[in-house]
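Asks: Dropping the sequence and predicted coords here.
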Amino acid sequence: MALVVIEKVRPHVALIRLNRPERLNAMSFELVTELCRACEEVGADNSCWVVVLTGEGRGFCSGLDLEDPGVIPGIEEMALSRVGMLAMSHFSKVVPALRAMPQPVIAAINGCAYGGGLCLSLGADARFCAESAVFNATGIVNGLTSTELGASYLLPRTVGLSRSNDMLLTGRKVGAREAERIGLVSRIYPDAELVERAIEAAEEMCEFSAFGLQMTKKVCWANVEATSLTAAIDLEDRNQLILGNTENLVECIEARREKRKPVYTDLPRTDLKLD
């Protein structure tokens, strides 16, 4: 049985579902391997413009599977001193894999998002959650550190330093309502409606330019790391110019005049001439 399932749920929308419900989709080596492959496969699908990520069953992802983590790939003839670092890097590559996808990713967080599951949700571009969702930085509770898989970088940028430190240092559980209040998620839905609502939002996004969605994601992530406002605006200017040199804006203006929805093609603009 596949540990990660890919479905094309709408013409331009893919659903990636963690499929280990008996373990609340806990992260094993095999699951992480399949999830990274799924990110690469869907990322290379030019017909896919938006992605929804969720978990099968009662949980989004309960973090590292402490009881049955599986087998570390690629350790043949490797000294024991190197195995631990390989194991860590195997898990930690999953958040950059989500970021590397050209498509925006909506995390539809059902039930628990503990430890690595919290980190996985932070790797998405937008987070919707079910009323049953619970977030927890589990590492500190397990005698380890909560700073894993990019949490110490992404969480303070999402909820602010004070709230991030509170979660990472105390290991307390954060429910759906508090998660929305502090900005960890942007929408809450009844459990039975969550995935369909996320798919609907993704489908609505597909009315926009696929290129525009891709470039917006790239700039949003890049400017999280920008060194100044000037640097951020310079990057925005260049990317806006790239989209301005397509037919999209012309189509937008014509569609408004004709009182219809625009159809964006991302084709190069033909009416610009240098005299």
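Replies: On my side now, so go ahead.
Asks: Which of the helices or strands spans residue 120?
Replies: Applying DSSP states H and E as the criterion places residue 120 in helix 116-122.
Asks: Report the distance from that helix to the chain centre.
Replies: 9 Å (Cα atoms, centre = their mean, to the nearest Å).
Asks: contact partners of whichever helix or strand comes after that helix?
Replies: Next in sequence after helix 116-122, counting helices and strands by DSSP H and E, comes strand 126-130. When contacts are defined by Cβ atoms under 8 Å, 6 or more residues apart in numbering, strand 126-130 is touched by residues 104-111, 113, 121, 176, 179-180, 184-191, 194, 197-198, 201. Every residue, glycine included, has its C-beta placed from N, CA and C.
Asks: contacting residues for the nearest residue to residue 115 once chain neighbours are set aside?
Replies: Spatial nearest neighbour of residue 115, chain neighbours left out: residue 63 (2.7 Å); criterion: Cβ to Cβ, 6 or more residues apart in numbering. Taking Cβ under 8 Å, 6+ apart, we find residue 63 in contact with 26, 27, 114, 115, 116, 117, 118, 138.
Asks: pLDDT wise, what is the residue nearest to the fifth one when sequence neighbours are not counted at?
Replies: Nearest non-adjacent residue to residue 116, counting by Cβ to Cβ, 6+ apart: residue 63, 4.3 Å away. Residue-level confidence at residue 63 comes out at 93, pLDDT.
Asks: hmm, back to that, quick check on the contacts of strand 126-130: which are buried?
Replies: 104-111, 113, 121, 176, 179-180, 184-185, 187-189, 194, 197-198, 201 (16 or more other Cβ atoms under 10 Å).
Asks: Among the residues you listed, which are located in helices?
Replies: Residues of those located in helices (DSSP state H): 121, 176, 179, 180, 194, 197, 198, 201.
Asks: count of neighbours near residue 126?
Replies: 18 (other Cβ atoms under 10 Å).
Asks: And the one 3 residues further on, by the same measure?
Replies: Here the neighbour count serves as a burial measure; for residue 129 (other Cβ under 10 Å) it reads 30.
Asks: which residues does it bridge with?
Replies: Assessed by DSSP bridges, residue 129 has beta-bridge partners residue 109, residue 188.
Asks: mind checking how far it is from residue 188?
Replies: Taking Cβ to Cβ, to the nearest Å as the measure, residue 129 falls 6 Å from residue 188.
Asks: what's the overlap in contacts for the two?
Replies: Here residue 129 and residue 188 have 176, 180 as joint contacts, going by Cβ under 8 Å, 6+ apart.
Asks: Contact partners for the residue nearest to residue 270 when sequence neighbours are not counted?
Replies: Closest residue to residue 270 apart from its sequence neighbours, by Cβ to Cβ, 6+ apart: residue 247 at 7.2 Å. Shown in contact with residue 247 (Cβ under 8 Å, 6+ apart): 265, 266, 267, 268, 269, 270.
Asks: beta partners for residue 15?
Replies: When bridges are called by DSSP bridges, residue 15 pairs up with residue 7, residue 52.
Asks: check contacts around it.
Replies: When contacts are counted by Cβ under 8 Å, 6+ apart, residue 15 touches 6, 7, 8, 9, 51, 52, 53, 54, 195, 199.
Asks: let's see 10 Å
Replies: Applying Cβ atoms under 10 Å, 6 or more residues apart in numbering to residue 15 gives the contacts 5-9, 42, 51-54, 106, 108, 195, 198-199, 202.
Asks: Which of these sits closest to residue 90?
Replies: Proximity of the contacts of residue 15 to residue 90 was ranked by Cβ to Cβ; the top entry is residue 53 with 19.0 Å.
Asks: Assess the claim that the closest one and residue 39 are in contact.
Replies: Yes - taking contacts as Cβ atoms under 10 Å, residue 53 lies within contact range of residue 39: 9.1 Å.
Asks: Tell me the first helix or strand C-terminal of the helix or strand of the chain with the lowest mean pLDDT.
Replies: In the chain, no helix or strand scores lower on mean pLDDT, DSSP states H and E than helix 80-92, which sits at a mean of 83. Counting by DSSP H and E, the element after helix 80-92 in chain order, helix or strand, is helix 94-100.
Asks: Now tell me what touches that following helix from outside.
Replies: 16, 27, 31-33, 35-40, 43, 51, 53, 93, 105, 107, 116, 119-125, 148-151, 153-154, 217-218, 221.
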